[in-house]
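Asker: okay, predicted coordinates and the sequence, questions at the end:
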Amino acid sequence: MPEKPRVRFAPSPTGELHVGNARTALFNWLFARHYGGTFILRIEDTDRERTSKKFEDAIIDDLTWLSIDWDEGPEKDGAFGPYHQFERLDIYRDYLHELIAKERVYPCYCTDEELEEERANLIAMRRMPRYMGKCRNLSAIRRKEFETKGRKPAYRFNVGKEIIEFKDLIRGNMSFDSESIGDFIIVRSNGIPAYNFAVVIDDYLMKVSHVIRGEDHLSNTALQMLLYQALEFTPPLFAHHSLILGKDRSKLSKRHGSVTVREFREKGFLPEAFLNYMSLLGSSFSGGKEVCPMEEIMQDFTLERAGKSGAIFDEHKLQWLNGIYIRNYDPGKLMELLKPFMIEAGYDYESLDKTWLSHIVEALRDNMTSLSDVGNYIDMFFDDRYELSHDARSLLAEDEAMEVLHLVRDILERSKGNFKDVYDGVIAAVRRETGLKGRKLFMPIRAAVTGKLTGPELDRIFAILGRESILKRVDTAIQNAEPRSGT
């Protein structure tokens, strides 16, 4: 291994950053940081019909949110730029001419319709669909005829017959039979280089030492090895990690739920928790730990830990982990992170008393598994948003529940002095008078005071709401509790 490796993450800005691609970026970044190397961000924007500056900005924003920083790339020019492929077309054109001179590529005039017909025929014959070399040995006269008719050629690499071999740092020795590949396009008829051609040139010229990517690129690596050989380039070392799978063990897709970093951001996941979970997927930390700071993850990172087997994405596990991070987050910073979610829930954040709000956040944090959960609970602290849920009404319709509420009201009416001490007195008195405990004791009080059956600890709610608010809510609950069926 080089003393200071150079790795890259090269997204195509044709959509939002997928969690699988984010995991690839994370592995490359961890590898570079672990060995004191260089992490390059390269934008593969040659697909001009689908490429969007909006998506590029979103990808960069998501990487920044994750604290995955790069040493070379957009906004950080290095010695091997430009770092957008579309700005490198002249470079690719020079290497195309080199391969033409070496007779390793040839022009192909086949139309999309002709290629599709060939593909369909091969499938019908139960043969591997691939290009069969129709244009490989065209005469100069025949080529001229096609060009006279206005056909612009793509350029295909002449594969030949050989066994392609390379060593994968995760999967060991790999072998591909070139006969199953067929001559592949390296430059399209519009002059734009195909993925495999551009990547080989970029990785070589940018002195990338290790290519770390998903196992779905294994077949691409076979093609790229042929190009490295034809161009007389020394190839980098390759490592193909496992893919992220849904619970049905198929590749993670929209049908499994959220699949982009942006979606998880909007749900209120913390970047630290998200990175922790991505690092944990398909692997484990030393000592079996599941919560691990990034510095420790970076220190312990190895390619072997990336794993060969598919990693099942479990959003519930991510929520659990996110909840732990929320509970341990700095209170002041947590308040700021919750701000947009409070605004989304309809609150004027700037007008709220921040000291009082900090008490609410402290009370809620144990119940939240995402920042967006604040919208599910915060209403209970505002009298003008208080309302009894259907479940709360049903529970309060029970005779024992009404008995509890009347006792609570009487005790609150008589309470004096420091209200913060009243909660324990209320519970003790109701328990003494009714003999109730557990759910039958606490749930009617929770339902009446919050309008819900779940939420933060009652003692915290009492302290935040105060005597007048709780009395008003208990009266409302007594008046509006849903009567039992049949009565």
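Answerer: Received the coordinates, thanks.

Asker: excluding chain neighbours, what is closest to residue 319?
Answerer: Nearest residue to residue 319, sequence neighbours excluded (Cβ to Cβ, 6 or more residues apart in numbering): residue 369, at 4.0 Å. (C-beta placed from N, C-alpha, C; glycine too.)

Asker: and what of residue 68?
Answerer: residue 29 (4.8 Å).

Asker: quickly find the element holding that neighbour.
Answerer: Using DSSP states H and E, residue 29 falls within helix 19-34.

Asker: skipping its backbone neighbours, what lies nearest residue 182 in space?
Answerer: residue 130 (2.9 Å).

Asker: what's the answer for residue 477, then?
Answerer: When the adjacent residues along the chain are set aside, residue 477 lies closest to residue 448, with 3.6 Å between them (Cβ to Cβ, 6+ apart).

Asker: next, that neighbour: secondary structure please.
Answerer: Look at residue 448: counting by DSSP: H, G, I helix; E, B strand; the rest coil, its state is helix.

Asker: residue contacts, the residue nearest to residue 182?
Answerer: 122, 180-182 (Cβ atoms under 8 Å, 6 or more residues apart in numbering).

Asker: hmm, 10 Å instead?
Answerer: Going by Cβ atoms under 10 Å, 6 or more residues apart in numbering, residue 130 touches 118-119, 122, 159, 179-184.

Asker: equivalent analysis for residue 427, please.
Answerer: Residue 427 neighbours (Cβ under 10 Å, 6+ apart): 408, 411, 437, 441-442, 445, 458-459, 462.

Asker: and with 8 Å instead?
Answerer: Counting by Cβ under 8 Å, 6+ apart, residue 427 touches 441-442, 445.

Asker: make a markdown table out of the residues you listed and add neighbour count, pLDDT and secondary structure.
Answerer: A markdown table is the format used below for the contacts of residue 427 (neighbours: other Cβ atoms under 10 Å; pLDDT from 0 to 100; DSSP: H, G, I helix; E, B strand; the rest coil):
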| residue | neighbour count | pLDDT | secondary structure |
| --- | --- | --- | --- |
| 441 | 16 | 93 | helix |
| 442 | 16 | 95 | helix |
| 445 | 24 | 95 | helix |
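
Asker: which one of these sits closest to residue 389?
Answerer: residue 445 (15.0 Å; Cβ to Cβ).

Asker: show me where the stretch 101-250 of the chain has its strands.
Answerer: Taking DSSP state E, counting those that start in this stretch, the strands of the stretch 101-250 of the chain run over residues 105-108, 154-157, 163-168, 172-177, 185-187, 210-214, 237-241, 244-245.

Asker: can you check the stretch 301-450 of the chain too?
Answerer: Under DSSP E, counting those that start in this stretch, the stretch 301-450 of the chain gives strands at 311-312.

Asker: pLDDT weak spots in this protein?
Answerer: 1-2, 284-287, 416-420, 482-487 (pLDDT under 70).

Asker: so what are the domain limits for it?
Answerer: 87-241, 329-378, 386-480 (automatic domain parsing).

Asker: dump the ones you listed into CSV; add distance to residue 50 as well.
Answerer: Formatted as CSV, the domains of the chain follow (distance: least, Cβ to Cβ, whole Å):
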stretch, distance to residue 50
domain 87-241, 12
domain 329-378, 30
domain 386-480, 44
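
Asker: nearest to residue 276 among those would be which one?
Answerer: The nearest among the domains of the chain, by Cβ to Cβ, is domain 329-378 at 13.1 Å.

Asker: would you map the helices across the stretch 101-250 of the chain?
Answerer: With DSSP state H, counting those that start in this stretch as the criterion, the stretch 101-250 of the chain has helices at 112-124, 140-148, 195-205, 218-231.
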